[in-house]
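how would this look folded up:
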Amino acid sequence: LVEVLLPVGISFYTFQIIGYSIDVYRRRLEPERHLGYFALFVAFFPQLVAGPIERAAHMLPQFRRRFELDAARLTGGLQLVLWGLFKKVVIADRLGLYVDAVYNQPTTYTGWPIWVATFFFAFQIYCDFSGYTDIALGLARMMGFDLMENFKQPYFAASPVDFWRRWHISLSTWFRDYLYIPLGGNRVTVSRWYANLFIVFLVSGLWHGANWTFVVWGGLHGLYVIVEVATQGVRAGWNRRLGLNRWPGLLTVGSRLLTFSLICLTWLFFRANSVGDALTLLAHLRPLANPAEINAPWLTVVDHPAQQMALAVGLILLLLVIQWGQVRGWSWPVIFLRPVWLRWATYLILVLSILNLGIASEVPFIYFQF
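Numbering: from 1, shown residues only. Sure thing, here's the model as predicted:
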């Protein structure tokens with residue numbers, strides 16, 4: 001749409017200030033009289049550039065607390081920072097090599113490379129963004145502050161609505177409280193309710209940038225959510241008629257796979273450099289005749305493409321196993337709760353992985369551009 005030079009992270013701290021102003025206007029929050037505390041709320045460095053988008057009611061009382069050195073907080077914070085660095089440098093940046101090779105040359109590849117690149121981008125952006133969030137939460141925790149959780153295993157979501165309860169939680173709750181509910185939420189006619197949902201997701205797309213790719217991304221998410229809520233009764237009826245309710249585990253797995261596939265389609269538009277490029281990639285999704293083409297994009301950026309592919313897939317599987325454990329109720333980080341020797345062995349493995357498997361070139365966090 002338009003290209004404007006803006007400060008890094010402006011959308012995050014702008015929303016944070018807007019939320020504070022609205023809360024004060026609605027008399028849900030007393031205005032902060034102390035300039036230092038207010039400045040700290042606006043410019044708290046761990047989450048300044050890419051969130052989470054915090055609420056004044058959550059952060060200002062913490063700034064007034066007396067700081068006490070806490071070994072458990074220091075340890076937990078360092079663990080989060082280490083895990084965040086691993087996700088960013090080892091997983092996200094490695095997947096990004098393949099993704100960039102395909103998406104920056106949309107007319108070069110067909111079939112398998114586009115499917116794989118889109119699948120990889122889903123995990124690249126998750127590890128990149130959640131990795132930053134883990135680092136931010138870890139730094140804040142070491143200093144005695146608790147930031148809100150921003151991700152809850154989003155790719156285990158069983159529906160588009162469930163996805164947005166798990167992905168970028170601080171942004172989705174911000175839009176819920178300051179846009180969706182003021183528009184009337186679901187306390188209006190059905191048509192108006194659907195319009196409210198669609199408006200929120202369109203604005204969410206524009207929040208990411210003035211590019212038609214983000215508008216399409218937001219619009220697709222809006223359509224997904226509208227279709228989900230509009231067909232809830234019909235789907236429940238079909239599940240009963242087909243007897244799917246007798247296999248809830250199978251139904252959950254199928255719902256998660258379908259949801260992940262739909263989310264990947266939106267990521268194709270999000271990552272594409274233009275809508276034209278996105279449509280070209282969609283047109284080139286077929287044929288799937290030659291699986292050997294999968295490794296072709298690696299050849300343009302790294303040596304030993306087969307090993308690179310195996311490593312990338314292995315890292316994704318590692319991430320999914322850990323997150324599956326969290327979905328099943330494991331404490332996080334579960335490995336850090338084990339005997340001391342195992343804990344320190346894990347630290348060593350993570351550090352060595354970052355040093356030896358991390359991408360050496362500087363790769364900015366994706367959400368720094370928003």
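
Going by residue numbers, what spans are helices in the stretch 1-150 of the chain?
Secondary structure of the stretch 1-150 of the chain by DSSP state H, counting those that start in this stretch: the helices cover 10-25, 35-42, 56-64, 71-85, 93-103, 112-142.

so where's the stretch 1-150 of the chain uncertain?
When residues are selected by pLDDT under 70, those of the stretch 1-150 of the chain lie in 1-9.

any idea how far Ser159 is from Asp177?
Noted for Ser159: a distance of 21 Å to Asp177, by CB to CB, to the nearest Å. Placement of C-beta: from N, CA and C, glycine included.

residue boundaries of the helices in the stretch 251-370 of the chain?
275-283, 296-299, 305-327, 340-357.

okay, these, which one's buried deepest?
Of all the helices of the stretch 251-370 of the chain, helix 296-299 carries the top mean neighbour count, a mean of 19, counting by mean count of other CB atoms under 10 Å.

before we move on, the earlier item: for Ser159 and Asp177, indicate the residue with more neighbours.
Ser159 (19 against 14; other CB atoms under 10 Å).

how about that one, what does it touch?
Applying CB atoms under 8 Å, 6 or more residues apart in numbering to Ser159 gives the contacts 228, 255, 259.

Show the buried residues in these.
In the contacts of Ser159, burial by neighbour count holds for 228, 259, counting by 16 or more other CB atoms under 10 Å.

With distance to Gly77 and pLDDT as new columns, can the contacts of Ser159 be given to me in TSV?
Converted to TSV, those look like this (distance: CB to CB, whole Å; pLDDT from 0 to 100):
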residue	distance to Gly77	pLDDT
Glu228	37	95
Ser255	35	93
Thr259	32	97
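
among the helices of the stretch 1-150 of the chain, which is nearest Ala272?
Closest approach to Ala272 among the helices of the stretch 1-150 of the chain is made by helix 93-103 (6.2 Å; CB to CB).

what's the burial count for Ala117?
23.

Domain boundaries for this structure, per the record?
10-64, 71-365 (automatic domain parsing).

does Thr107 really touch Thr280, like I thought?
Yes. When contacts are counted by CB atoms under 8 Å, Thr107 is listed as touching Thr280 (6.1 Å).

residues in contact with Val227?
Contacts of Val227 (CB under 8 Å, 6+ apart): none.

hang on, the earlier thing: figure out which of the helices of the stretch 1-150 of the chain is closest to Trp324.
helix 112-142 (14.3 Å).

in the stretch 151-300 of the chain, which segments are predicted with low confidence?
In the stretch 151-300 of the chain (pLDDT under 70), the answer is 289, 292, 300.

again, 90 this time
Within the stretch 151-300 of the chain, the stretches with pLDDT under 90 are 207-211, 232-252, 284-300.

show me where it has strands.
In the stretch 151-300 of the chain, no strands are defined using DSSP state E, counting those that start in this stretch.

picking that back up, out of the helices of the stretch 251-370 of the chain, which gets nearest to Pro61?
Nearest of the helices of the stretch 251-370 of the chain (CB to CB): helix 305-327, 28.4 Å.

mind giving me JSON lines with the helices of the stretch 1-150 of the chain and columns for distance to Leu357?
As requested, these are exported to JSON lines (distance: least, CB to CB, whole Å):
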{"stretch": "helix 10-25", "distance to Leu357": "30"}
{"stretch": "helix 35-42", "distance to Leu357": "37"}
{"stretch": "helix 56-64", "distance to Leu357": "35"}
{"stretch": "helix 71-85", "distance to Leu357": "12"}
{"stretch": "helix 93-103", "distance to Leu357": "7"}
{"stretch": "helix 112-142", "distance to Leu357": "13"}
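
quick one: which of these is nearest Asn356?
Of all the helices of the stretch 1-150 of the chain, it is helix 93-103 that lies closest to Asn356, at 12.0 Å by CB to CB.

Output the contacting helices and strands for the closest one.
Helices and strands touching helix 93-103, by 3 or more CB pairs under 8 Å, 6 or more residues apart in numbering; DSSP states H and E, are helix 112-142, helix 275-283, helix 296-299, helix 305-327.

Can I get those helices in a markdown table including distance to Arg235?
A markdown table is the format used below for those (distance: least, CB to CB, whole Å):
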| stretch | distance to Arg235 |
| --- | --- |
| helix 112-142 | 24 |
| helix 275-283 | 27 |
| helix 296-299 | 38 |
| helix 305-327 | 22 |
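
How about the contacts made by Leu220?
265-266, 269.

And the buried ones among these, selectable in ChimeraX?
Remark: buried members of the contacts of Leu220, expressed as a ChimeraX selection using 16+ other CB under 10 Å:
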select :266,269
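
Distance to Phe119 for the contacts of Leu220 - can I get that in JSON lines?
Converted to JSON lines, the contacts of Leu220 look like this (distance: CB to CB, whole Å):
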{"residue": "Leu265", "distance to Phe119": "11"}
{"residue": "Thr266", "distance to Phe119": "13"}
{"residue": "Phe269", "distance to Phe119": "15"}
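
What's the local residue count around the nearest residue to Ile359 once chain neighbours are set aside?
Excluding its sequence neighbours, the residue lying closest to Ile359 (CB to CB, 6 or more residues apart in numbering) is Asp93, at 3.8 Å. Here the number of neighbours of Asp93 (other CB under 10 Å) works out to 21.

What of the one 3 residues further on?
A count of nearby residues for Gly96, using other CB under 10 Å, gives 21.

Then Ile17?
13.

burial measure for the residue nearest to it when sequence neighbours are not counted, as a count.
In this structure, Ile17 finds its nearest non-sequential neighbour in Val42, 6.1 Å apart by CB to CB, 6+ apart. Residues lying near Val42 (other CB under 10 Å) number 16.
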